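Asks: dropping the sequence and predicted coords here.
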Amino acid sequence: MTVQGEPSLRIAFDVTRTRAVLRAQEGRQSDLAQLAARFPGGGPRGPLSAEIELEAFLVGIGELGTWPSPEDVEWDDELAQLVGGVLDDADAAQRQLDGDDDGSHQTITHEEITGLLGAEWTAPLTDFQQRDIARLLSLRHGANFSVPGAGKTRVGLAVFAAMRERGEAFRLLVVSPKSAYESWEFENSVCFKEPLRFGVMGSSPDATAEVMVINYERLDRSLAALASWLRATPSMVILDEAHRMKLGTRGIYGSACMALGPLSRRRLILTGTPAPNGARDLENLLSFVWPGHGRRVVTGAVAGGDLAYASQVLRPLFTRTTKSELGLPPFDPKIRYVDMPSLHQEIYDALVGRYSARAEAARDDFDALGKAMLRLLMAATSPALLAEGTSRYEPLTYQVPPLDVPHGDSLYTLMRDLPSYELSPKYQEALSIVAANAEQGRKTLVWTTFVRSLSTMERMFAGYQPAVVHGGTPDRAEEIRRFREDPDCSVLLSNPATLGEGISLHHVCHDAVYVDRDFMAGRFLQSLDRIHRLGLAPGTETNVTVLASRGTVDEVVALRLEEKLEFMGRILDDPSVQQLADLQEEAPVAGGMDMADVRALLRHVDAVATR
């Protein structure tokens, strides 16, 4: 029996804010069941209630028109605001795409920017920053996919300043890696006459903070407290390095971000690598900004396989400053293929199931190691990395000149003692590059995935006073300071997982070497930008060399990264990213070295170390 004056249907968030809950009036059971069945995955929670994933609800929101009495549907304010913002932005983006904007939505020009930011804003803005701010303010929510060094942090603060000036938001929550905290605090101090009250999320939110930062790792544990903080005052949320939540609701970071997003008046994502693994990543990022619409528009854009068309369709939804717009000197990354020595090759072959007669005797041992990607990457650098050391940091100790390979030992035993018989060609090549650069007074940044590779090269490159940064480094800041300031420190050894984001080395280093790479295109791009970013002097020569072992998983990695970078470059309409997909091959410089050459080079290193 229906009750006069009562809403026939109530629509609200569930407690996680990732699902819509529909509650019908008594007597509307059949109507509710029919409506819920129209949404993918929609289902009853009880006789008079149903739950629908937020994405599915927003994608099929037109189905609400089938409700028998739409005039007495009651909406939860937060959900109504979210739906209204998504639909308004979708409509505005479509008008921009169609070129038939009738002026009914707000369009911001460059000239209006200064006035919109208010009298407290004091920081200068480049032409491309003004363009990006104008684009972002023309929509209610937005995405800035500009390359590192384009000033995305300042652009984000400018958008918030405009929101404050309008009276639409008075608090800003920034979710970012820890390494970016310093940048946000610095920009806050230089962008306003009186810096906004800045805080870092502790055990509870700072009730007085106007700008508060938290890292992705802590977000899930702080959801309830942050939800209260965002609800207390109209707020804005920025995801910095937003590719961290590219898994969307399938990941912990993404689920937490999706839950907080609807509580904000404005949502903005910042990342230079929005689609490191393809369209799915982009779908999840834009789903945070525009739930329902973001995923649908990406899926529709790329469905036909025409990436030029997809770029055109997506263009109204994001802004991007490219490296060419920054005026950075171009560079062409090179790839050097090295041949593995015979024992290295025999061990690698055994790992992938090509057993020599000697390998057959230890077949069970090699099968136990498995064919996991990381193990193959290790083996392509040096199979000795697969043998357990006394710790994960224990370096490989090379015998120079090498001993003769003993007869009768099993291949598995030889793998364990491999540094006594063969030198890894990748380490040899990297050492040659570092040595040549040091002779010219140039510093080199050497990347590798594995900590034991770092510790091995730390010993091999001792004469160049290497700085080393990985997850277990006690004082990263001191190691980075030494690399930047100590003229005797010619090389920095690190892994992209640790140092791939949030640090600038382009003032002191213009040479990078990748001893190995994994399949993560975003991490590769981010690490490249440590030495190639805004602030490079005109005419600066930047050299990037990728090392790969011929006939190994390195070739598979190179192919997959090429495909991913090609996709991202075409989606973003950025030729500089597409260029990185096409590495130029060059001959190795250490390939012609015999063992006497290696001994001479290592003697030189030792001599430099003892000066």
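Replies: Arrived safely, thanks for sending.
Asks: just the pLDDT at the closest residue to residue 508 other than its chain neighbours, thanks.
Replies: Closest residue in space to residue 508, ignoring its immediate chain neighbours: residue 484 at 5.0 Å, by CB to CB, 6 or more residues apart in numbering. Glycine gets a C-beta too; all of them are placed from N, C-alpha and C. pLDDT, residue 484: 97.
Asks: in the helix or strand harbouring residue 484, what's buried?
Replies: Per DSSP states H and E: residue 484 is located in helix 476-485. For helix 476-485, the neighbour count (16 or more other CB atoms under 10 Å) marks 476, 479-480, 482-484 as buried.
Asks: and the gap between the residue nearest to residue 508 and residue 529?
Replies: Per CB to CB, to the nearest Å, residue 484 is found 17 Å from residue 529.
Asks: how about residue 153?
Replies: Distance from residue 153 to residue 529, by CB to CB: 14 Å.
Asks: ok, residue 497 next?
Replies: For residue 497, the distance to residue 529 - CB to CB - is 15 Å.
Asks: so what touches whatever helix or strand comes next after the helix holding residue 484?
Replies: Next in sequence after helix 476-485, counting helices and strands by DSSP H and E, comes strand 491-494. Applying CB atoms under 8 Å, 6 or more residues apart in numbering, the contact partners of strand 491-494 are 434, 438, 443-448, 454, 457-458, 461, 464-470, 479-480, 483, 505, 509.
Asks: walk me through the domains of the chain.
Replies: The chain breaks down into these domains under automatic domain parsing: 9-75, 85-98+106-321, 341-398+406-417, 423-609.
Asks: the shortest one: end-to-end distance?
Replies: The first and final residues of domain 9-75 sit 9 Å from each other (CA to CA, to the nearest Å).
Asks: average pLDDT for it?
Replies: Domain 9-75 comes out at a mean pLDDT of 86.
Asks: distance from that domain to the middle of the chain?
Replies: 36 Å (CA atoms, centre = their mean, to the nearest Å).
Asks: where does the stretch 501-611 of the chain have low pLDDT?
Replies: 590-611 (pLDDT under 70).
Asks: ok, which stretches of it are helices?
Replies: Under the criterion DSSP state H, counting those that start in this stretch, the stretch 501-611 of the chain contains helices at 521-528, 553-571, 575-580, 595-609.
Asks: show me what the third one is packed against.
Replies: With contacts defined as 3 or more CB pairs under 8 Å, 6 or more residues apart in numbering; DSSP states H and E, helix 575-580 has these neighbours: helix 323-326, helix 521-528, helix 553-571.
Asks: most packed of the ones you listed?
Replies: Scoring these by mean neighbour count under mean count of other CB atoms under 10 Å gives helix 521-528 as the most buried, with a mean of 23.
Asks: how close does the closest residue to residue 112 other than its chain neighbours sit to residue 158?
Replies: Using CB to CB, 6+ apart and skipping the chain neighbours, the partner closest in space to residue 112 is residue 134 (7.6 Å). Distance of residue 134 to residue 158, given as CB to CB: 10 Å.
Asks: residue 136 now?
Replies: Distance from residue 136 to residue 158, by CB to CB: 9 Å.
Asks: any idea how far stretch 560-579 is from the chain center?
Replies: On CA atoms, centre = their mean, the centre of stretch 560-579 falls 15 Å from that of its chain.
Asks: output the contacting helices and strands for the helix or strand harbouring residue 225.
Replies: Element membership of residue 225 [criterion: DSSP H and E] is helix 223-232. Counting contacts by 3+ CB pairs under 8 Å, 6+ apart, helix 223-232 packs against strand 171-175, helix 252-260.
Asks: tell me the first helix or strand C-terminal of the longest helix belonging to the chain.
Replies: When the chain is parsed with DSSP state H, its longest helix is helix 77-98. Counting by DSSP H and E, the next helix or strand C-terminal to helix 77-98 is helix 113-117.
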